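1. need the 3D shape of this:
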Amino acid sequence: MFSILFLLLAAGVPYYILLEKKTRLNSKSIFLLSGFLLLSAIILSLYVENEHRTSLVIVSFASAIYSIYKATKTTNFYKLGYYLIFVNAPFFILFEGAGAMYSFSLLVSLVGLFLIGKFYEKNYGSANYRHITGITLVTPCVGTYLTLYLITLALYPPFPNALFFLSHIFNSEPNTLWYIIVVTLFFANFSLAMGVMRATLFGRPHSDIHYVHMNSKEKIVHFLILMLLLTLSFFGLKETLL
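-> Modelled structure (predicted):
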């Protein structure tokens with residue numbers, strides 16, 4: 001029963017298919033709901049042992065494959081955020097105890113991506129990173145934060161997502177299914193994040209476009225997120241070396 005509950009909370013089943021059809025819930029709301037449910041799974045896993053079953057891992061992996069496809073079709077930061085929750089759901093199930101820290105690090109990264117989406121929406125009229133028109137203001141400070149979040153999601157060390165990922169690899173007993181899931185989702189995370197980086201306004205600078213400043217409050221929030229990611233990197237490195 002708890003295994004199924006973990007699967008649902010960690011977005012192992014694509015309930016967003018139903019939510020996307022409901023006009024009352026926009027992409028921003030679906031992301032917040034998905035993130036809250038994943039956080040609930042992380043907290044619950046601290047009190048209840050997460051023992052994966054092969055059948056549930058396969059179900060989660062199947063939904064992850066579909067979510068990879070959906071993620072390649074979107075140009076919206078909010079949608080990309082909750083698709084990545086689904087893409088990484090098998091790691092929460094498969095990694096057992098270590099999956100909670102990986103998922104928490106993932107969630108922190110996605111909160112940063114969510115805030116980038118809000119910045120785009122406020123300043124460019126939409127959270128869609130390929131549909132910006134008109135002349136704006138100055139300097140791409142937001143591009144630095146966006147790049148850091150994306151390379152974290154792409155599983156680059158020494159960022160925490162990669163370190164918790166490596167920690168599990170070093171301390172696991174792999175089988176054929178394990179190899180298939182880990183290799184597939186590693187390249188999926190990398191390809192999706194790098195694809196977004198190339199396609200965004202800040203991935204393709206244009207001499208005719210002036211960039212919008214982040215205000216002080218936005219810079220502080222993103223700085224705190226990066227500090228949290230750095231702290232998580234320390235714990236991830238510690239687990240990897242143990």
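2. quick one, helices of this structure?
-> 2-9, 16-19, 27-45, 54-73, 77-87, 89-94, 97-124, 141-153, 160-170, 176-199, 216-241 (DSSP state H).
3. the closest residue to Asn88 other than its chain neighbours: what's it in contact with?
-> The spatially closest residue to Asn88, leaving aside those adjacent along the chain, is Leu106, at 5.5 Å (CB to CB, 6 or more residues apart in numbering). C-betas here are computed from N, CA, C, even on glycine. Neighbouring residues of Leu106 by CB atoms under 8 Å, 6 or more residues apart in numbering: 84-85, 88, 153, 161.
4. try Leu56
-> Applying CB under 8 Å, 6+ apart, the residues near Leu56 are 3-4, 7, 12, 93.
5. quick revisit: the helices of the chain: lowest mean pLDDT?
-> Mean pLDDT is lowest for helix 2-9 among those, at a mean of 76.
6. got the buried residues for that helix?
-> For helix 2-9, the neighbour count (16 or more other CB atoms under 10 Å) marks 3, 6-7, 9 as buried.
7. distance from that helix to the middle of the chain?
-> 19 Å (CA atoms, centre = their mean, to the nearest Å).
8. likewise for stretch 58-68?
-> For stretch 58-68 - counting by CA atoms, centre = their mean - the centre lies 15 Å from the chain centre.
9. can you pull the buried residues of it?
-> For stretch 58-68, the neighbour count (16+ other CB under 10 Å) marks 59-61, 63-64, 67-68 as buried.
10. do the same with stretch 214-227
-> Result for stretch 214-227 [16+ other CB under 10 Å]: buried residues 214, 218, 222, 225-226.
11. so Phe92 makes contact with Ser3?
-> No - the pair Phe92 / Ser3 is not scored as a contact, 11.3 Å apart, by CB atoms under 8 Å.
12. picking up where we left off before, dump the contacts of Leu56 to JSON lines, plus distance to Tyr47.
-> Putting the contacts of Leu56 into JSON lines (distance: CB to CB, whole Å) gives the following:
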{"residue": "Ser3", "distance to Tyr47": "15"}
{"residue": "Ile4", "distance to Tyr47": "17"}
{"residue": "Leu7", "distance to Tyr47": "17"}
{"residue": "Gly12", "distance to Tyr47": "19"}
{"residue": "Ile93", "distance to Tyr47": "17"}
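13. please name the nearest non-neighbouring residue to Phe186.
-> Leu155 (6.1 Å).
14. and the gap between the one you found and Leu163?
-> Distance of Leu155 to Leu163, computed by CB to CB, to the nearest Å: 9 Å.
15. same question for Ser191.
-> Relative to Leu163, and taking CB to CB, Ser191 is found at 20 Å.
16. what does Tyr15 give?
-> Taking CB to CB, one finds Tyr15 at 30 Å from Leu163.
17. which of these two has more neighbours?
-> Leu163 (24 against 16; other CB atoms under 10 Å).
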